[in-house]
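S.K.: Here is the input, now give the coordinates:
(one chain, ligands or ions: 1)
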Amino acid sequence: MADFDFFDPDFQKNTQRHFQRMQKECPFAHADKPFDWYAVTREADVAGLLKDWELWTSNSGPGLAHAEGGVLVSVDPPEHLFDRRLINKAFSPAQLLAMEDEIAELVRNLIDGFVQKGEGDLMQLFAVPVPLIVIARLLGIDEEVALNIRPTAEGVIHPSTPPGKIPRPPMDTPGHLYLKGVLDERRQKIAAGETLPDDVITSLITAELDGRSLNDEEVMGFMFFLFIAGSQTTTQLIGNLIYRLLEHPDQLDMLKNDWDLLPNAVEESLRFDSPVNGLFRTNTRETELGGRALQKDTKVICMFGAANVDPEFWGDTAGQFDITRPYQQTKRHYAFGKGIHYCMGAPLARLEARIAVRAILDRLPGLRLTGAPEEIAAHVMHGVDTLPVAWNT
Ligand code: HEM
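M.R.: Here you go, the predicted structure:
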């Protein structure tokens, strides 16, 4: 008998309730669809798993399926350090500083485009395009193409995949073909001695680290991962935060009267509505988990979202949304993971959320919900999929 069903729509709807039940009743919860796997929900256990990367490898991928190959979140050291060094420059404080004005301008322009409407779905109008365009610019992808491809994290978890290794994804999707074209163009420019744009594609194809460089397939692996990691997650953050503020008008007023609370509000949203419910690790040898013997190669999900609402760690108010929670305390959440795989895009996501949410609240007076938002149904991801709102024009 399974302790929980990840694919039950109620799990997506009432995630926090399920997490707190699992923490109490079955902290090492067993799921059996489509095969046996486990979920770790208590903060202390999530911390322990993330620390021990030699036992709990990332080499089988962050999803439920046993994936082969991959970059960053799909590899352990020493490969993992190599990967992080390759893209470090794109996430440096200097790069972020350079992007701040550009993000503010993008946000201004997007709002200009719909402010007169007076109502609409704020996810489609705003929370989806902002991170997609930002990541497209950072990577060097055409913005229109980025908006059309719009990859989601759904592919990370394969509900119907049987145990065993899954094959690599096909290399002839429109996204792959577009990227292949960009790579060919860049390589021609290099051959002709032309100057290349200063973006992540250029960094990746010209990188030479420890005498190694990347082939096209590897570059594409990085690009797709970064594209997904940097878009849907931040879309959820922006949407979730605006939703909770509208749900808590007293806290919305407090924020509007004291913008210094904005960083707290962003952290509290990340804690309370972790955009990524959790990601998987796989044991490299037989071990035991909460008294259960686990065979080698068992998938276990570290539930970041559950650790974020564990009363043992956060106290009795764990289940309340409260933007006045002390910043340094709130920042200890697990929404960006912990340890060696800690999210490289965290400063960028925070920056985008601060700029985006401030602009929305400044420019859409009387912002209010006009209906109940729908939840996304993407298992590993958590948050609103629609945000029906109206404002005064
Ligand atoms: C609110 C937004 C975001 C959330 C909630 C989020 C969440 C996460 C989480 C939980 C991990 C850890 C994975 C693990 O332990 O297996 C991670 C890793 C990562 N994220 Fe983010 N992310 C966000 C935004 C971004 C952005 C904007 C970018 C880039 C543009 C990005 C790039 C990365 C990278 C490169 C890693 C891999 C780090 C490694 O394996 O060493 N993320 N993210």
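S.K.: And the pLDDT for Pro170?
M.R.: On pLDDT, Pro170 comes in at 62.
S.K.: And stretch 345-357, what's buried?
M.R.: By 16 or more other CB atoms under 10 Å, the buried positions in stretch 345-357 come out as Gly345, Leu348, Ala349, Arg350, Leu351, Glu352, Ala353, Arg354, Ile355, Ala356, Val357. To be clear about C-beta, it is placed using only N, CA and C from the backbone, and glycine gets the same treatment.
S.K.: An error on my part: the question was meant for stretch 180-187.
M.R.: For stretch 180-187, by 16+ other CB under 10 Å, it's Lys180, Val182, Leu183, Arg186.
S.K.: quick one: contacts of it?
M.R.: In this structure, residues lying in contact with stretch 180-187 by CB atoms under 8 Å, 6 or more residues apart in numbering are Gly140, Ile141, Met171, Leu196, Ile201, Thr202, Ile205, Asp216, Val219, Met220.
S.K.: before we move on, the earlier item: name the nearest of the buried residues of stretch 180-187 relative to Ala94.
M.R.: Arg186 (23.0 Å; CB to CB).
S.K.: The closest one: which element?
M.R.: Take DSSP states H and E as the rule and Arg186 turns out to sit in helix 174-191.
S.K.: Could I have the CA atoms of that helix written out in CSV?
M.R.: Extracted C-alpha coordinates of helix 174-191, given in CSV (Å, rounded to 0.1, in the frame of the first residue of the first chain):
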residue,chain,number,x,y,z
PRO,A,174,11.9,22.4,-33.5
GLY,A,175,13.9,23.7,-30.5
HIS,A,176,16.9,21.4,-31.2
LEU,A,177,16.9,22.3,-34.9
TYR,A,178,16.7,26.1,-34.1
LEU,A,179,19.6,25.8,-31.7
LYS,A,180,21.6,23.7,-34.1
GLY,A,181,21.2,26.5,-36.6
VAL,A,182,22.5,29.0,-34.1
LEU,A,183,25.5,26.9,-33.2
ASP,A,184,26.4,26.4,-36.9
GLU,A,185,26.2,30.1,-37.5
ARG,A,186,28.4,30.9,-34.5
ARG,A,187,31.0,28.3,-35.6
GLN,A,188,31.0,29.9,-39.1
LYS,A,189,31.6,33.3,-37.5
ILE,A,190,34.5,31.9,-35.4
ALA,A,191,36.0,30.4,-38.6
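S.K.: And that helix, how far out from the chain middle?
M.R.: 27 Å (CA atoms, centre = their mean, to the nearest Å).
S.K.: And stretch 65-82, by the same measure?
M.R.: So, by CA atoms, centre = their mean, the centroid of stretch 65-82 is 17 Å from its chain's centroid.
S.K.: Check stretch 97-106 too.
M.R.: Chain-centre distance of stretch 97-106: 21 Å, with CA atoms, centre = their mean.
S.K.: which of the residues in it are buried?
M.R.: Buried, per 16+ other CB under 10 Å, within stretch 97-106: Met99, Ile103, Leu106.
S.K.: Now do the contacts for the residue lying closest to the last one once chain neighbours are set aside.
M.R.: Distances taken as CB to CB, 6 or more residues apart in numbering put Ile133 closest to Leu106, at 5.8 Å, once the chain neighbours are dropped. The neighbours of Ile133, taking CB under 8 Å, 6+ apart as the test, are Leu106, Glu143, Ala146, Leu147.
S.K.: does the third one sit in a helix, a strand or a coil?
M.R.: This means Ala146. Look at Ala146: counting by DSSP: H, G, I helix; E, B strand; the rest coil, its state is helix.
S.K.: which element is the closest residue in space to it that isn't next to it in sequence on?
M.R.: Using CB to CB, 6+ apart and skipping residues adjacent in sequence, the residue nearest Ala146 is Ala136, 3.6 Å away. Per DSSP H and E, Ala136 falls inside helix 129-139.
S.K.: Give the full set of residues in contact with Ile135.
M.R.: Ile141, Ala146, Leu226, Phe227, Gly230, Ser231.
S.K.: Could you report the distance from the residue lying closest to the fifth one once chain neighbours are set aside to Gly61?
M.R.: What sits nearest to Gly230 in space, not counting adjacent residues and going by CB to CB, 6+ apart, is Ile135, at 3.8 Å. Counting by CB to CB, to the nearest Å, the gap between Ile135 and Gly61 amounts to 21 Å.
S.K.: Same question for Phe222.
M.R.: According to CB to CB, Phe222 stands 15 Å off from Gly61.
S.K.: which of these two has more neighbours?
M.R.: The neighbour count for Phe222 versus Gly61, taken as other CB atoms under 10 Å, is higher for Gly61 (25 against 22).
S.K.: Relative to Asp76, how far out is the more buried one?
M.R.: 12 Å.
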